[in-house]
Every structure is written in C-alpha cells, then in structure tokens.
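Visitor: Requesting a structural model of the entry that follows:
(chains A and B)
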Amino acid sequence: MKGPDNNTHWWLGVAELVAQGMHHGAVKLKRVHLSIADESFRVLDAIPVTRPGSRLVRVCHHGIARVSYDSVSLAGRVVAEGAASAGARLAMCRQDTTEK
Amino acid sequence: MVSVPSAGRVQQHISAIASGFLGDWLEHRGNPLAVPMTVFADGEALDLKNPQPAAPGSVLCLSIHGLMELESVWDFPAKPDEHYGTHLANRLGDTSALKLRFNTGRPIYRNGQDLAALLERLVTNWPVPVKRLVLIGHSMGGLLIRSACHYGAANDHRWASLNPDCVYIGSPHDGSWLAVGAHKAAGWLNRVPRDYLKVVGEVIDLRSEGIRNLSRGDVFEPGTSDQPLLQSARHYVISGLLAKGEQHPVNVLFGDALVHQSSARGERREGWELAGIANFPGVDHIRLAHHPLVSQQLQEWLS
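Guide: Modelled structure (predicted):
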C-alpha cells in the first residue's frame, strides 16, 4: 500500500503556519489600528466641541474594529488547529504504514 | 539510503527559511516545515544506523550550513557537484564529502548536542574505520561545531578523540551586528509607551532562539560558563569583507555583510589558539561558502 504523500503533509504545515500568522497577525493589527486611532480620538477629546461626538464615534469604531479583527483571528485559529490535527493524523498514518 | 521527502527544491528552501525564523516553534508544534537533522552524501540522505555511501572513505569531511540555508549553499555556482568537501576529497583521497542539513531556528546548543550524538552514530556505524574528521561550518554552522565539540568531549564521544579539524567560515563567535541590532530594536520598541510601536517590537521578538543566539554567539546551554575550544582539535578561522580595502568604512560597519572580522575571529573569547586565520577582502558572507580562494586556503591547511 502506498503511504500518505509527504507533499500533502508539507502543505498542511504551510496552511498551519499561514493560519497561525493570520490569527496572531489580526490580533496585532487590531492593536496597531486601535492605538493609532486613539491618537486622533485623544485630540478630538481634548476639544470641547468635538468631545461628545468623538466619544460616541470612538465606541462604535472600536467595537466594529474589534469584532472584525477578532473574527479573522478566530477563523485563523480554527484553520491552524484543523491543519495541525490533520497533519498529526497524516504523520501517524505514515508511521503505521512504515511499521507495517 | 533512506527516502528523501518528495518536496521540491523550492519547498525545501521555504522550509529552511521558515525553520530559520520560527524553527523552535515549528518543532514544538510538530509542523513538517521544521527541517530534520540529516546527513547527505552525493545528494542522498544517509541512514545513520547503516550508512551506505557509494565509496566510503576513512576521512569524513562534513560541511555544515548557516542560518536559513540549505546544504546547497556549499555548491559552486554552475558546478552543483563541486564544493569544499569534494575538492578536499580529491586532494586527500580516501575521503567522504558529507553535508549536514538542520533546523537553524532551534537553540544552537540543542543542535550542537544533536550534532555531537549524530557524529558519534556516524563514526560508529561508518562502513570503514574513521581515521580523521574534518568539520567545516559556514556562519551558524561554525557555532554548531563549537557546541558539538563541547558536548562531544563532555560525553566522551569517540569522534571528539579523533583530533578533528574545525573550520569556522564567517561564523559570528562574538555575535552578528544584525542580530544585535534586532535585539536592541525590539528592546527599545517594547519600552515605548505606544501600542503600535510595541507591536513592531513584539513582531521582531518572534524570531527563533537560533537567531537570538546569534546576537552574542551563544553556543552552550543557558547557565553554562564560556567553554574553551576543544583542545585536541585544530581550529581554523576564515572571514570575509564586503569591500576589497581592509580599512574601507563599509567593512568597518558591516564586515562581510553580516559578521565583522573581529567576531569571525572570536577576538572577545579568551584563550583561543587558532591553527590558521585567513581573511578574504571582497568576498561577502554568502560567497564565503563557495569561493575558489577559500577552497584553495582549505586545501593548503588541511592536506
């Protein structure tokens, strides 16, 4: 019987790496996005005329941004774990085939 | 011979680069991109339990690549079957030219421990009695040799008593300016009270333990004091420089592009007795691994 293809295993490794990058990258990008946006919101918050409006916009902006980035991060994590477990199963299959 | 993974050349390079950046994490996750430590003879992976090279010699010449590289870094341009090992084999006779491939992102001391054990298995199981061992390391590969020598001697390995010849080519014994720069930049960015700058510092901090070790040339387990060079071995150092004039400002700033001449010579290390020192102005870091002048120098020293 022909053993599982090494190439599939390798691509599962790439998928895990890219998806982990997506998971962690989205979290880091969220922090960059929110902290840069806060620089502008701090200025608007210091001006009495713009303060009430900017606070409302800040809450909406940060809320939407968090939901968006967290969704991407979660999707990345799910794909990464899926690829890792598929890779582990494939490696076990290969080990079984080699032992037989 | 064992089967080589079916991954193509590009895939092997991607694995080598990924291993260099994140090798310790890849290994921890069991990711297949983590490059396993493998010895090659004539492009074929050797089974260390029963190595069967085409023509086993009593002299082993093992070439060890550097960070994010593959064993192909040793091949002369347009002459893929020629490298320092084959040149030496032609000169010495009865010599097997071998190459090592390994996960360059792992801590150097762990690769050194594994290399020491691998050399012991190789020498023990080699089809003919091994009389001489030549270890040639490029960049991080040289640090690996120093580490393996320490652990080989500490574990009374047979190969360590063969009085090996150790050649360090462009190896950052005192650290690489680029790795030091990354370490300092990450430290500074992590202290800045701005989240968007901290994130940049954290991304730099993602670098592997192998890269971190290059900032100070750490080759021993943490907590171990600096160890001398293996006394029974002969040690040779080769360095390169970007510009042809030795005192050129570019050389003073960047050395061979990644390693300064002083670091390649381990000038901050105490009690080093070197059997040979050579410098090649105009030969950069990567070309040091496959340059005719370096090959000539190696043959002069080792034959």
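Visitor: nearest spatial neighbour of the most centrally placed residue in chain A, skipping sequence neighbours?
Guide: Geometric centre of chain A, nearest residue: residue A:23, 1.8 Å, by C-alpha atoms, centre = their mean. Setting aside the residues directly before and after it, residue A:23 is nearest to residue A:76 in space (C-beta to C-beta, 6 or more residues apart in numbering or on different chains), at 3.4 Å. For every residue, glycine as well, the C-beta is placed using N, CA and C.
Visitor: just for the chain, where's the confidence low?
Guide: In the absence of a named chain, chain A is used. For chain A, the stretches with pLDDT under 70 are A:1-5, A:98-100.
Visitor: right idea, wrong chain: chain B
Guide: In chain B, residues with pLDDT under 70: B:1-7.
Visitor: neighbours around the residue of chain A found nearest chain B, how many?
Guide: Proximity of chain A to chain B (C-beta to the nearest C-beta) peaks at residue A:35, 3.5 Å away. For residue A:35, the count of nearby residues is 15 (other C-beta atoms under 10 Å in any protein chain shown).
Visitor: Who are the contact partners of residue B:182?
Guide: Counting by C-beta atoms under 8 Å, 6 or more residues apart in numbering or on different chains, residue B:182 touches B:204, B:207, B:211, B:215.
Visitor: which SS state does it fall under?
Guide: helix (DSSP: H, G, I helix; E, B strand; the rest coil).
Visitor: Going by neighbour count, list what's buried in the longest helix along chain B.
Guide: Secondary structure of chain B per DSSP state H: the longest helix is helix B:9-29. Within helix B:9-29, the residues that qualify as buried are B:11-12, B:14-27, B:29, counting by 16 or more other C-beta atoms under 10 Å in any protein chain shown.
Visitor: got the residues of chain B near chain A?
Guide: Residues of chain B that fall close to chain A, judged by C-beta under 8 Å from any C-beta of the partner chain: B:5-7, B:11, B:14-15, B:18, B:22, B:26, B:29-33, B:194-196, B:198-199, B:202-203.
Visitor: what about the residue of chain B found nearest chain A, neighbour count?
Guide: Ranked by C-beta to the nearest C-beta, the top residue of chain B for proximity to chain A is residue B:195, at 3.5 Å. Residue B:195: 17 surrounding residues under other C-beta under 10 Å.
Visitor: what's the spacing between it and residue A:45?
Guide: Separation of residue B:195 from residue A:45 (C-beta to C-beta, to the nearest Å): 17 Å.
Visitor: Residue B:292 now?
Guide: Look at residue B:292 and residue A:45: by C-beta to C-beta, they are 67 Å apart.
Visitor: quick one, which of those two is more surrounded?
Guide: residue A:45 (15 against 10).
Visitor: Tell me the buried residues in stretch B:256-263?
Guide: Applying 16+ other C-beta under 10 Å to stretch B:256-263 flags B:256-261, B:263 as buried.
Visitor: Please identify which of the residues you listed is nearest to residue B:222.
Guide: residue B:263 (20.7 Å; C-beta to C-beta).
Visitor: element containing that closest one?
Guide: helix B:261-264 (DSSP states H and E).
Visitor: Spell out which residues sit in contact with the closest residue to residue B:197 other than its chain neighbours, please.
Guide: Closest residue to residue B:197 apart from its sequence neighbours, by C-beta to C-beta, 6+ apart: residue B:189 at 5.1 Å. Residues near residue B:189 by C-beta under 8 Å, 6+ apart: B:197-198, B:200-201, B:204.
Visitor: okay if I get those as JSON lines plus distance to residue B:71?
Guide: Converted to JSON lines, those look like this (distance: C-beta to C-beta, whole Å):
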{"residue": "B:197", "distance to residue B:71": "39"}
{"residue": "B:198", "distance to residue B:71": "39"}
{"residue": "B:200", "distance to residue B:71": "34"}
{"residue": "B:201", "distance to residue B:71": "34"}
{"residue": "B:204", "distance to residue B:71": "29"}
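Visitor: In helices, which of the residues you listed fall?
Guide: Reading helices off the contacts of residue B:189 with DSSP H, I get B:197-198, B:200-201, B:204.
Visitor: which one among the residues you listed gets closest to residue B:225?
Guide: With C-beta to C-beta as the yardstick, the closest approach to residue B:225 among the ones in helices among the contacts of residue B:189 comes from residue B:204, at 28.6 Å.
Visitor: Please name the nearest non-neighbouring residue to that closest one.
Guide: Closest to residue B:204 by C-beta to C-beta, 6+ apart is residue B:186, at 4.0 Å.
Visitor: Let's verify that neighbour: helix, strand, or coil?
Guide: helix.
Visitor: Next, the contact list for it, please.
Guide: B:201-202, B:204-205.
Visitor: who wins for most neighbours among those?
Guide: residue B:204 leads the contacts of residue B:186 on contacts (other C-beta under 10 Å) with 18 neighbours.
Visitor: so it touches residue B:188, yeah?
Guide: No: checked against C-beta atoms under 8 Å, the pair residue B:204 and residue B:188 is beyond contact range at 10.1 Å.
Visitor: Any figure for the gap between the residue of chain A closest to chain B and residue B:197?
Guide: Taken as C-beta to C-beta, the span from residue A:35 to residue B:197 is 9 Å.
Visitor: how many neighbours does the nearest residue to residue B:256 once chain neighbours are set aside have?
Guide: Once flanking residues are discounted, residue B:256 sits nearest to residue B:240: 3.7 Å by C-beta to C-beta, 6+ apart. By other C-beta under 10 Å, 29 other residues sit near residue B:240.
Visitor: Output the longest helix belonging to chain A.
Guide: From DSSP H, the single longest helix across chain A is helix A:51-99.
Visitor: on contacts alone, who are the packing partners of that helix?
Guide: The elements that helix A:51-99 packs onto, with contact taken as 3 or more C-beta pairs under 8 Å, 6 or more residues apart in numbering or on different chains; DSSP states H and E, are helix A:6-46.
Visitor: Outside of the one helix or strand residue B:251 maps to itself, list whatever touches it.
Guide: Secondary structure assignment for residue B:251, by DSSP H and E: helix B:249-254. Counting by C-beta under 8 Å, 6+ apart, helix B:249-254 makes contact with B:177, B:241-243, B:245, B:260-261, B:281, all of which sit outside it.
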